[in-house]
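Peer 1: predicted coordinates and the sequence they were generated for:
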Amino acid sequence: MCKTIITEKREKYAYWVKRVCDFISQVGPQLNLPAGAMQSNISEAIDNDINIVFLGHDPHEVPKDKYKFEYGDYIQERFMKGNPCWGDRNKKWPIWKNLRDNFINIYGESSLVDDTKHMVFTNAIFFTGDKIKLVLDQIGTSVEWKCLDYTNELIFDILHPKILVCFSVSDVFDKLIKMINWKSGNKLTVHRFKPYNIKHFCAITQCDGTVILGIPHPSGAHGIYSSLPAIVRIINDLSKGDTIENIVATKNLFLYLQDKNHSGIPRIDKTNIVQQVISLINLEAYDERNHRYKLNGKYGITITDKGKGYIAIRHIDYDTKGYDNNQDKEVHKLKEMLKGRGYNTSEKVWIGTKKFSRFGNNDNKIIEGICKEIKDLKEEIQKI
């Protein structure tokens, strides 16, 4: 991207921020609500092509001193650098963690949500607090409507993302579409489709080259957990150029999930993966029938095609009786190491397990990933 365009885009955003901050300073005292909208560090992305914008309703933040509302320099810096907690604690926020975990479980990585140079996470409403909806209802829709107007400008006049994902159909998607229709004088065609096992609909449309997807709030409300794998698959497919028509043609997310083998990933041959890994790892078997191999003289690894396929770590001399009592300091250190590598740990049966899907989305990637994992595990266990 040439320097002139970069400068113009930054200048355009800076001018937008100034106008928004003037608006916040004007109406903030009347609302008696804290302000804050931008979550990610937009300064890292503003000069680049934006792949995806995630849009919430409001930050849902309550300051420690809920009567201390800063509308000046703090808000301007927030729009420029994002939430001070971004990069430190955002991966623990339920709204972000649930999405990110599903990307990792399905694809083995989470670049769509982690690539801050091509992704923006912000909110449609610039004010927050535990009583925001009550306050907005009391004063009418004028403030909310103005926030949506500015948000519409940010997305379609400045950022121009490939995909806009709205965290709530009724509170974000529908209201933004209403604003777009009012501004343009046209009416966008909105497709609504019902996710499997939850009562709320998803919605999708397109405006000025941006696909707009409305989903139930990913924090966990409304039974969203069971449908998040399919929703994540849809977001990923849209980022790869899949069309609205292909997605809507499946009629609902349950059928979409069925088309992707219920797991949100392409079909893999688990038996082939196990056989290929065994032929490559060069480990001594201690229970060949069940594909169990020695990592050292004390711990072994099991490579199995049971369930969705996984590898698992435990003692070679495993005994079902009292295994939870065999969790000494060394095992606890081993667990901490395994957790850091994406394993689920437990007190019984296995010290740690890791699904095939954590290594990739096809046979070759999974085989390569598991072989590297075994090599790394042997080295890491020696350090404990």
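Peer 2: Sure, I can see it. Numbers count the residues shown, from 1 in each chain.

Peer 1: okay, CA-based contacts and neighbour counts for the rest of this
Peer 2: Noted.

Peer 1: show me where the stretch 251-384 of the chain has its helices.
Peer 2: Assigned by DSSP state H, counting those that start in this stretch, the stretch 251-384 of the chain shows helices spanning 253-259, 270-281, 329-340, 363-383.

Peer 1: of the ones you listed, flag the one that's most buried.
Peer 2: Counting by mean count of other Cα atoms under 10 Å, helix 253-259 has the highest mean neighbour count of those, with a mean of 19.

Peer 1: with mean pLDDT and distance to Ser168 added, can I get the helices of the stretch 251-384 of the chain in a markdown table?
Peer 2: Formatted as a markdown table, the helices of the stretch 251-384 of the chain follow (pLDDT from 0 to 100; distance: least, Cα to Cα, whole Å):
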| stretch | mean pLDDT | distance to Ser168 |
| --- | --- | --- |
| helix 253-259 | 44 | 16 |
| helix 270-281 | 88 | 37 |
| helix 329-340 | 88 | 32 |
| helix 363-383 | 91 | 34 |
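
Peer 1: so for Asn90, which of those helices sits nearest?
Peer 2: Among the helices of the stretch 251-384 of the chain, the nearest to Asn90 by Cα to Cα is helix 329-340 (17.4 Å).

Peer 1: picking up where we left off before, distance to Val232 added to the helices of the stretch 251-384 of the chain, as TSV?
Peer 2: Output for these, formatted as TSV (distance: least, Cα to Cα, whole Å):
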stretch	distance to Val232
helix 253-259	11
helix 270-281	23
helix 329-340	23
helix 363-383	20
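
Peer 1: which among those is found nearest to Phe23?
Peer 2: Each of the helices of the stretch 251-384 of the chain was scored for nearness to Phe23 using Cα to Cα, and the closest is helix 253-259 (40.1 Å).

Peer 1: between the helices of the stretch 251-384 of the chain, which one is nearest to Ile42?
Peer 2: helix 329-340 (28.4 Å).

Peer 1: so the residue lying closest to Ile180 once chain neighbours are set aside, which state does it fall into?
Peer 2: Once flanking residues are discounted, Ile180 sits nearest to Asn152: 7.0 Å by Cα to Cα, 6 or more residues apart in numbering. What DSSP: H, G, I helix; E, B strand; the rest coil gives for Asn152 is helix.

Peer 1: mind listing the helices for the stretch 101-250 of the chain?
Peer 2: Ranges of helices in the stretch 101-250 of the chain, per DSSP H, counting those that start in this stretch, are 111-114, 132-139, 142-153, 174-184, 228-239, 244-248.

Peer 1: any chance of those in a markdown table, plus mean pLDDT and mean neighbour count?
Peer 2: Formatted as a markdown table, those follow (pLDDT from 0 to 100; neighbours: other Cα atoms under 10 Å):
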| stretch | mean pLDDT | mean neighbour count |
| --- | --- | --- |
| helix 111-114 | 83 | 16 |
| helix 132-139 | 63 | 12 |
| helix 142-153 | 91 | 18 |
| helix 174-184 | 91 | 16 |
| helix 228-239 | 84 | 20 |
| helix 244-248 | 76 | 14 |
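
Peer 1: could you export those as TSV, including distance to Asp101?
Peer 2: Below are these laid out as TSV (distance: least, Cα to Cα, whole Å):
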stretch	distance to Asp101
helix 111-114	10
helix 132-139	29
helix 142-153	28
helix 174-184	27
helix 228-239	10
helix 244-248	22
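
Peer 1: those: which one's closest to Val349?
Peer 2: Closest approach to Val349 among those (Cα to Cα): helix 228-239, 27.3 Å.

Peer 1: the closest one packs against which elements?
Peer 2: When contacts are defined as 3 or more Cα pairs under 8 Å, 6 or more residues apart in numbering; DSSP states H and E, helix 228-239 sits against helix 94-107, helix 253-259.

Peer 1: brilliant, that's me finished.
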